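S.K.: Starting from these lines, generate the structure:
(one chain, ligands or ions: 1)
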Amino acid sequence: MNPEQLKQNVAQAALAYFNDYDMVVGIGTGSTVNQLIDLLPQVKNRIEAVVSSSEESTQRLESHGFNVKELNQTGDLSLYIDGADECDAHNRLIKGGGGALTREKIIAAASKQFICIVDASKQVDVLGKFPLPIEVLPMARSFVARQMVKLGGQPIYREGFITDNGNQIIDIHNLKILDPVELENTINQIPGVVTNGLFAQRKADVTLIAQRDGSIVKQ
Ligand SMILES: O=C(CO)[C@H](O)[C@H](O)COP(=O)(O)O
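M.R.: Numbers count the residues shown, from 1 in each chain. Next up is the predicted model:
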C-alpha cells in the first residue's frame, strides 16, 4: 500500500474511539491527522466541539463545518488523536516535525485518552533517529542550542519557520536518548525552552500502527 493509503487506514481505525455523544475532542496536526480530519464527518453526530493543535488543522476542521474551540473554553477533553514522528514500544513519542509540539503537548496533557496514529515507518526501538524538535523563545535560540551541544546533540535552526505561538524551532540531531523521561525534564529546565518534542511523561495511551499491508496493530 502507498503511504497515503496507510495514513488513511490508520485514520479510519481511529474513528472507533469516537464512541460517545457530545464529545469535546482534541485533534492534532500533520499529514496523518489531515486524513483523519477528512474522515471525521463520518462521526460528526458524536462531536460537540474540537480543540485543534494548529492553525492549519483549525482551517481544515472548519472547512468541514466543525465547531473549533479554544482550550480555555472547554474543560478537559475526553479524547485526543494525533500523529507522531517516532514511536517506541512503550508509546513514548517524538513529535514536532510539523512544528505544533507546544499546543500538542498541552492538549495531550488536558486529555483523558491520547490515541497516536502512525504507520510502521515511525516505529523505533530507541527514540532519537528523528531529530528532536525544541520550540524556543527567539532571543534564547543560540543559548539553548549551546546547552544541547553540551548534552551531546547537534542543533540545526529550522530557518524561516515560525510557530503558531510566534517562536522558533531548533532540531537536535544525533542525540542519544537513554532515558526519555529524564531527558524531557532536563531540556525543559533550560531557560528559553518552551517545549521539547519528547512525549515520554505524557505518552500515548494507545498507538494504532498501520502495517505495510494496511492492517492495523494496536499497541
Ligand atoms: O508532531 C507533529 C506535528 O507537530 C506530527 O504529529 C508529526 O510531525 C507527524 O506528522 P505526519 O503525520 O505528517 O507524519
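S.K.: Please count neighbours and contacts with C-alpha atoms only from this point.
M.R.: OK.
S.K.: can you give me the offset of stretch 56-68 from its chain's centre?
M.R.: Relative to the mean C-alpha coordinate of its chain, stretch 56-68 is positioned 18 Å out (C-alpha atoms, centre = their mean, to the nearest Å).
S.K.: go on, stretch 32-49?
M.R.: For stretch 32-49, the distance to the chain centre is 17 Å (C-alpha atoms, centre = their mean).
S.K.: Pull the residues that contact that stretch.
M.R.: 7-8, 11-12, 14-15, 18-25, 27, 57, 60-61, 64, 66-69, 81-83, 117-118 (C-alpha atoms under 8 Å, 6 or more residues apart in numbering).
S.K.: Helices of the chain, start to end?
M.R.: Ranges of helices in the chain, per DSSP state H, are 3-14, 31-39, 55-63, 101-109, 141-150, 180-188.
S.K.: Looking at those, spot the one closest to the ligand.
M.R.: helix 31-39 (3.6 Å; C-alpha to the nearest ligand atom).
S.K.: relative orientation of the closest one and helix 3-14 in degrees?
M.R.: 60 degrees (axes from the mean of the first three to the mean of the last three C-alpha atoms, to 10 degrees).
S.K.: re earlier: out of the contacts of stretch 32-49, which are buried?
M.R.: 7-8, 11-12, 14, 18, 23-25, 27, 57, 61, 66, 68-69, 81-83, 117-118 (16 or more other C-alpha atoms under 10 Å).
S.K.: Kindly identify which of these also come near the ligand.
M.R.: Residues of the buried ones among the contacts of stretch 32-49 in contact with the ligand (C-alpha under 6 Å from any ligand atom): 82-83.
S.K.: Now Asp213: phi and psi?
M.R.: phi -80, psi 0 (degrees, to the nearest 10).
S.K.: What distance do you get for the nearest residue in space to it that is not next to it in sequence to the ligand?
M.R.: Among residues not flanking Asp213 along the chain, Met1 sits closest, at 6.1 Å (C-alpha to C-alpha, 6 or more residues apart in numbering). Met1 is 16 Å from the ligand, where distance means C-alpha to the nearest ligand atom, to the nearest Å.
S.K.: How about the contacts made by Met1?
M.R.: Counting by C-alpha under 8 Å, 6+ apart, Met1 has contacts 212-214.
S.K.: what's the neighbour count on Ile106?
M.R.: 14 (other C-alpha atoms under 10 Å).
S.K.: for the one 10 residues further on, same thing?
M.R.: By other C-alpha under 10 Å, the residues close to Cys116 number 27.
S.K.: got the contact list for it?
M.R.: 81-84, 204-208.
S.K.: Pairing partners for it in the sheet, please.
M.R.: Asp82, Thr207 (DSSP bridges).
S.K.: all numbers from here: first residue = 9
M.R.: I'll keep to 9 as the first residue from here, and by that count the last item is Cys124.
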